[in-house]
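K.L.:
Predicted model and sequence below, questions to follow.
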Amino acid sequence: QVDVFDLLIQIWRGKWIVAAVIVFSLIIAGAYLAFAKEKWTSVAVISSPDAGQIVDYTSAMTILTNDDHFDISGIQQRVIGRFNSAFSALSETLDNQDIPEKLTISTAVQGQPLPLKVTYQGTTAREAQQKLAEYIQQVDELIAKELVDDLEINIKSRTDDLVASLTTQEKVAQEQKDLRIKQIMQALSVAKESEIHAPQVQQADNVSQDNMFLLGSAALESMIKNESSRPLVFTDDYYKTRQNLLDLKTIDIKPDTIHSYRYVMKPSLSIHRDSPRRALALILAVLLGGIVGSGFVLMRNALRNYQPKA
């Protein structure tokens with residue numbers, strides 16, 4: 001059976017050895033604390049941008065889609081989603097560097113997609129705060145540029161479609177005008193062959209393509225001159241298309257007018273160091289030193305008192 005009181009007496013008798021080991025452990029812990037790299041964490045909480053932060057982009061999309069009831073909340077969700085993806089990609093890139101940097105993004109409330117919690121770990125509290133703010137701004141500028149680039153591509157594509165539509169409508173209108181002139185010229189030819197100079201009908205409403213020659217050659221010649229100088233006739237759709245095209249040309253959006261997030265809490269200046277923790281390191285040094293020293297004393301006494309069996 002183990003006599004606990006006897007063990008304590010042995011440890012007390014070897015107290016100077018135990019103390020020496022504890023002092024040695026404290027020296028090692030002190031050296032570790034002196035040379036260990038400090039780690040401080042800055043935390044920020046962000047959410048989807050306000051309507052005012054993407055108002056220029058929303059206005060541009062409203063013009064582009066020709067929809068006055070564009071889903072602003074949908075844009076806000078897509079924008080913060082792109083921010084989340086880009087920030088995660090940046091986090092992976094920093095983590096795979098020769099000298100890794102710890103940048104994280106996660107949901108702030110479990111089970112809810114927003115808000116998002118972003119953190120950065122630096123060697124000082126101020127550095128962690130500044131770096132986190134810089135990386136958030138960097139991703140924000142990247143997303144803004146991507147949105148503007150996408151918008152410009154969509155505007156160009158939409159402009160090309162509208163120009164093509166206008167060209168087609170103008171071509172159709174010109175063909176209709178040419179056909180109208182040909183029809184009048186054909187009627188004029190019939191009127192001349194029939195020697196009809198004066199109108200033979202009382203009301204022009206009763207004249208169709210088949211009996212247009214009854215208007216007489218004089219009237220038909222006047223109609224040809226008027227039709228030649230008459231501007232093309234377009235439908236309401238043509239003018240709506242031109243209005244859409246003019247609206248697209250008014251879009252001039254800059255990346256610095258778009259923000260893909262809003263702060264719920266700005267990057268914090270930490271007052272508590274993550275590591276190394278002085279108090280914990282010193283306590284562990286004392287405990288470890290005491291355990292090692294006591295074990296050494298007990299082992300030494302056991303070897304001294306060992307008597308081999310005859």
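P.N.:
All right, it came through fine.
K.L.:
Name the residue closest to the centre of this structure, please.
P.N.:
Arg82 (3.0 Å; Cα atoms, centre = their mean).
K.L.:
what is the mean pLDDT for whichever strand or helix holds that residue?
P.N.:
Element membership for Arg82, per DSSP states H and E: helix 72-95. Averaged across helix 72-95, pLDDT comes to 90.
K.L.:
Hmm, Gln174 is touching Leu232, no?
P.N.:
Yes - Gln174 lies in contact with Leu232 (Cβ atoms under 8 Å); the separation is 6.1 Å. All C-beta spots, glycine's among them, are computed from the backbone N, C-alpha and C.
K.L.:
And the pLDDT at Lys145?
P.N.:
93.
K.L.:
So it, which state does it fall into?
P.N.:
Secondary structure assignment for Lys145 (DSSP: H, G, I helix; E, B strand; the rest coil): helix.
K.L.:
so what's Leu282 up against?
P.N.:
Contact partners of Leu282, counting by Cβ atoms under 8 Å, 6 or more residues apart in numbering, are Leu26, Ala29.
K.L.:
from the middle of its chain, how far away would the helix holding Arg82 be?
P.N.:
Between the centre of helix 72-95 and the centre of its chain there are 5 Å (Cα atoms, centre = their mean, to the nearest Å).
K.L.:
Check which helices and strands it is in contact with.
P.N.:
Where contact means 3 or more Cβ pairs under 8 Å, 6 or more residues apart in numbering; DSSP states H and E, helix 72-95 is packed against strand 40-47, helix 55-65, strand 102-107, strand 116-122, helix 125-193.
K.L.:
returning to what we had before: so the residue nearest to the centre of the chain touches Ile143, yeah?
P.N.:
Yes - Arg82 is within contact range of Ile143, at 5.3 Å (criterion: Cβ under 8 Å).
K.L.:
Show me the helices in the stretch 151-300 of the chain, by range?
P.N.:
217-229, 236-249, 278-304 (DSSP state H, counting those that start in this stretch).
K.L.:
how about TSV for those helices, with mean pLDDT and distance to His197 added?
P.N.:
Converted to TSV, the helices of the stretch 151-300 of the chain look like this (pLDDT from 0 to 100; distance: least, Cβ to Cβ, whole Å):
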stretch	mean pLDDT	distance to His197
helix 217-229	81	5
helix 236-249	90	38
helix 278-304	80	117
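K.L.:
Name the stretch from those that approaches Gly52 most closely.
P.N.:
Shortest distance between Gly52 and the helices of the stretch 151-300 of the chain, using Cβ to Cβ, is found for helix 236-249: 21.7 Å.
K.L.:
Dump that closest one to CSV, keeping only the CA atoms.
P.N.:
Taking C-alpha atoms only, helix 236-249 is exported to CSV below (Å, rounded to 0.1, in the frame of the first residue of the first chain):
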residue,chain,number,x,y,z
ASP,A,236,-44.7,53.4,-80.6
ASP,A,237,-42.3,50.5,-79.9
TYR,A,238,-39.7,52.2,-82.0
TYR,A,239,-39.8,55.3,-79.9
LYS,A,240,-39.7,53.3,-76.7
THR,A,241,-36.7,51.5,-78.0
ARG,A,242,-35.0,54.8,-78.7
GLN,A,243,-35.9,56.0,-75.3
ASN,A,244,-34.3,52.9,-73.7
LEU,A,245,-31.2,53.4,-75.7
LEU,A,246,-30.9,57.1,-74.7
ASP,A,247,-31.4,56.1,-71.0
LEU,A,248,-28.6,53.5,-71.3
LYS,A,249,-26.2,56.2,-72.6
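K.L.:
any idea how far it is from the chain center?
P.N.:
31 Å.
K.L.:
Residues in contact with it: which ones?
P.N.:
Residues from elsewhere that reach helix 236-249 (Cβ under 8 Å, 6+ apart): 63-64, 66, 155, 158-159, 162-163, 165-166, 169-170, 173.
K.L.:
Kindly report the same for stretch 218-226.
P.N.:
Ile181, Ile184, Met185, Ala187, Leu188, Ala191, His197, Ala198, Pro199, Met212, Phe213, Leu215.
K.L.:
Around the third one, count how many other residues there are.
P.N.:
Number of residues near Met185 (other Cβ atoms under 10 Å) recorded here: 15.
K.L.:
how much space between Thr235 and Ile251?
P.N.:
Distance of Thr235 to Ile251, given as Cβ to Cβ, to the nearest Å: 26 Å.
K.L.:
Correct me if wrong: Asn301 contacts Gln10.
P.N.:
Yes - contact criterion Cβ under 8 Å: Asn301 and Gln10 qualify, at 5.2 Å.
K.L.:
Now do the shared contacts for those two.
P.N.:
Contacts common to Asn301 and Gln10, judged by Cβ under 8 Å, 6+ apart, are absent.
K.L.:
In contact with Ser270, which residues?
P.N.:
Counting by Cβ under 8 Å, 6+ apart, Ser270 makes contact with Trp40, Thr41, Ser42, Val43, Ala125, Ala128, Gln129.
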